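Asks: structure of the sequence below:
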Amino acid sequence: CNLIRGLYATDTKTGTTNFTHTLEEGDNGDGLLYPTYSVHIGRTGKDHTFTGMNVNRMSISAATGEFTSMSFDMQGKGEIPVGTLLTPTFPTSEPCFFANAEVKFNANATKSSALRSIEFEISLDRDLDSAFSIGSLTLVQAPPVQRRSMSGTIEFNQAVYASSIAEPTYDQITQNSGGTFIYDAASGDTAISMLFTEAANRTVQFDLFKVAFEAPEASVSGRDHQTMTLSYMGLFNAANDAMSKAVIINGQSNAY
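Replies: Numbering: from 1, shown residues only. Just a heads-up that it's a prediction; the model follows:
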């Protein structure tokens, strides 16, 4: 959860027992800053430490029968001198299993039951070159955030020709604007909402406000039945003044 915060400029915390953290993009023009981190890697009793680390990209993947996986690309300063490894403290939380996930489309209140997998990534496209200066072999400032980008892939366990819960259908995508179909949410609504649950009051939710679907791939082979795969791109949504937000519920009493 700490690293998810690295992609969002603000964390608004509410609640008194189970805390809700609403992570939002903010406006770089307001001087909002993204957090930096120190990363410690233990190897053969030694502590390798990298400071001033900035999150550049987050990737999430979830598929039926699998745990939800999350990876981060980071940029930061050079390694400081090696230290002695302290006894680590490991988290006790359980991974999120796809059976405890919900994916909803176009502000519909009902989760889709037709998904085999979903993955997406958010990138801040940081300018690494501008983080250096002549005469220095390491970063002298945080790599500046450039234009945020977002993309992903959805695989359905069937070709969706008709839908009552707002999944994009084959005809909608292929017959609209030469193969591009857009969900553009109204204020307070979402185009795609993904909820991953570890346990009661321990959840992570990603809300995407505007997505453009590319032409679908419907395939069948051998004895397998037909499936449909969609690629999509995240766009800026004027009604919500953002591309996305993340909502985390857990016992963390302080803002990230």
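Asks: starting at the chain centroid, how far to whichever strand or helix holds residue 56?
Replies: Using DSSP states H and E, residue 56 falls within strand 46-63. Strand 46-63 has its C-alpha centroid displaced from the chain centroid by 13 Å (C-alpha atoms, centre = their mean, to the nearest Å).
Asks: any buried residues in the host helix or strand of residue 228, and which?
Replies: Under the criterion of DSSP H and E, residue 228 resides in strand 227-234. For strand 227-234, the neighbour count (16 or more other C-beta atoms under 10 Å) marks 227-230, 232-234 as buried. (Glycine included, C-beta is placed from N, CA and C.)
Asks: counting by contacts, list what it packs against.
Replies: strand 115-123, strand 149-156, strand 210-213, strand 217-219 (3 or more C-beta pairs under 8 Å, 6 or more residues apart in numbering; DSSP states H and E).
Asks: just give the strands next to that strand in its sheet, each with its orientation.
Replies: Its sheet considered, strand 227-234 pairs with strand 149-156 (antiparallel), strand 210-213 (antiparallel), strand 217-219 (antiparallel) by DSSP bridges.
Asks: for the stretch 101-250 of the chain, which segments count as strands?
Replies: Counting by DSSP state E, counting those that start in this stretch, the stretch 101-250 of the chain has strands at residues 101-105, 115-123, 149-156, 181-184, 192-199, 202-208, 210-213, 217-219, 227-234, 244-250.
Asks: could the helices and strands packed on strand 227-234 go into a markdown table alongside distance to residue 45, mean neighbour count and mean pLDDT?
Replies: Compiled in a markdown table, those are given as follows (distance: least, C-beta to C-beta, whole Å; neighbours: other C-beta atoms under 10 Å; pLDDT from 0 to 100):
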| stretch | distance to residue 45 | mean neighbour count | mean pLDDT |
| --- | --- | --- | --- |
| strand 115-123 | 35 | 20 | 95 |
| strand 149-156 | 40 | 19 | 96 |
| strand 210-213 | 47 | 22 | 96 |
| strand 217-219 | 50 | 13 | 85 |
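Asks: isn't residue 86 up against residue 49?
Replies: No: contact status for residue 86 versus residue 49: not in contact, 11.2 Å apart, counting by C-beta atoms under 8 Å.
Asks: who has more neighbours, those two?
Replies: Neighbours of residue 86 and residue 49, each counted by other C-beta atoms under 10 Å, are more numerous for residue 49; the result is 15 against 9.
Asks: how far away is that one from residue 34?
Replies: For residue 49, the distance to residue 34 (C-beta to C-beta, to the nearest Å) stands at 20 Å.
Asks: again with residue 136
Replies: On the measure of C-beta to C-beta, residue 136 and residue 34 end up 21 Å apart.
Asks: helix or strand with the lowest mean pLDDT in the protein?
Replies: Across the helices and strands of the chain, mean confidence by mean pLDDT, DSSP states H and E is lowest for strand 217-219: a mean of 85.
Asks: poorly predicted segments of the stretch 101-250 of the chain, please.
Replies: 177-179 (pLDDT under 70).
Asks: ok, the closest residue to residue 204 other than its chain neighbours - contacts?
Replies: In space, and not counting its chain neighbours, residue 204 is closest to residue 196: 4.9 Å by C-beta to C-beta, 6 or more residues apart in numbering. Contact analysis of residue 196 by C-beta atoms under 8 Å, 6 or more residues apart in numbering lists 62, 68, 96, 100-101, 203-205.
Asks: next one: phi and psi at the residue nearest to residue 140 when sequence neighbours are not counted?
Replies: Leaving aside its sequence neighbours, residue 140 sits nearest to residue 133 (C-beta to C-beta, 6+ apart; 5.0 Å). The phi/psi pair for residue 133 (degrees, to the nearest 10) reads phi -150, psi 160.
Asks: give me the distance between stretch 236-253 and the centre of its chain.
Replies: In this view, stretch 236-253 has its centroid 11 Å away from the chain centroid, taken as C-alpha atoms, centre = their mean.
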